[in-house]
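Asks: next comes the sequence, and after it the predicted model I'd like to discuss.
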Amino acid sequence: MLSTKSLFQEILDDDESFRLFCSIAAGGEAQGGWENGRIAALLPPGLRELAPKAARHGADEDKHGRIFNALLKQRGLQPVAVPYETDYTLLLERRGIGLAHERLSREDPLTERDVIVYLAHSRVTEQRASEQMRLLLKHFAGHPVLGRAVRMISRDEDNHLAYCHEELLRLARAGHGRTIQHVLRECAHAEIRVYRDVSLAVMSHMGRVLRWPRAKAAALAAGIHAMYAYERAVGWRRMVSLEQPALRDALGGPAVPETEYA
């Protein structure tokens, strides 16, 4: 029977598919770490109070990248180059979503709108990350190798999502509500398309590595297309709503080193 748990288990049990999975994850986290670090450095004077939180966000992402690379090292594996079509972060940037690397590479301070774009982009992508990690947590929290990593990363992603909700609500109260909703909708609709395309590409690569029969590959592709249809119709709405998180000031302290997760 084809299930989420059996699919992930198959990927984890094979060295080559595990290496691709961890390499894709580590690459995305490293990009997120760099982006948040640059945002922390470029915040405008009126929003400098966000700098420690953006820096913490970046430090968490860097940590996640190191964790995925450590999982590879534990199995004696080296990272592989991330195929272009599986690079979620890069493909979002190519669609004009979030702050471009070219913009972040300059030394000019960000504008207030840039900060809204950053937080809205993060709110949408952290929703996806939080959901993905909760799915892994459901099936692998007790795994002897992956369990600790899954628990820590899931907790961090929930904190990142809470931070985005809280800061966007604060900016909405300051009079930016319409702009925030416009940018959130734009990000959400682009993200669900990119997520569909990346999911199809990742499953295609995994299928070749694991030699899936055509029927299995077709069933997985159909499931991805069905999810996209749902998200395009109504599912995108969960990515644009804003509510006060139960955990306030989620990124108010220093990042927890990966050596301390349990």
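Replies: Ah, there it is.
Asks: list the contacts for the nearest residue to Leu110 once chain neighbours are set aside?
Replies: Spatial nearest neighbour of Leu110, excluding adjacent residues (Cβ to Cβ, 6 or more residues apart in numbering): Leu42 at 4.8 Å. From N, CA and C alone the C-beta is placed, and that goes for glycine too. Each residue near Leu42 by Cβ atoms under 8 Å, 6 or more residues apart in numbering is listed here: Leu104, Glu107, Asp108, Pro109, Leu110.
Asks: from those residues, which is closest to Val80?
Replies: Leu104 (26.2 Å; Cβ to Cβ).
Asks: quick check, pLDDT for the closest one.
Replies: Among the per-residue scores, Leu104 shows a pLDDT of 96.
Asks: what's the answer for the one 4 residues further on, then?
Replies: The model reports Asp108 with a pLDDT of 96.
Asks: how close does it get to Leu171?
Replies: Going from Asp108 to Leu171 by Cβ to Cβ, to the nearest Å gives 21 Å.
Asks: cool, and Leu247?
Replies: Distance from Leu247 to Leu171, by Cβ to Cβ: 19 Å.
Asks: near Ala233, how many other residues are there?
Replies: Neighbourhood size, Ala233 [other Cβ atoms under 10 Å]: 9.
Asks: again with the one 4 residues further on
Replies: Neighbour count for Arg237, taken as other Cβ under 10 Å: 11.
Asks: who's in contact with it?
Replies: Arg237 neighbours (Cβ under 8 Å, 6+ apart): none.
Asks: flag the shaky bits of this structure, pLDDT-wise.
Replies: 1, 258-262 (pLDDT under 70).
Asks: wait, Ala217 sits on Val202?
Replies: No: applying Cβ atoms under 8 Å, one finds Ala217 not in contact with Val202, separated by 12.0 Å.
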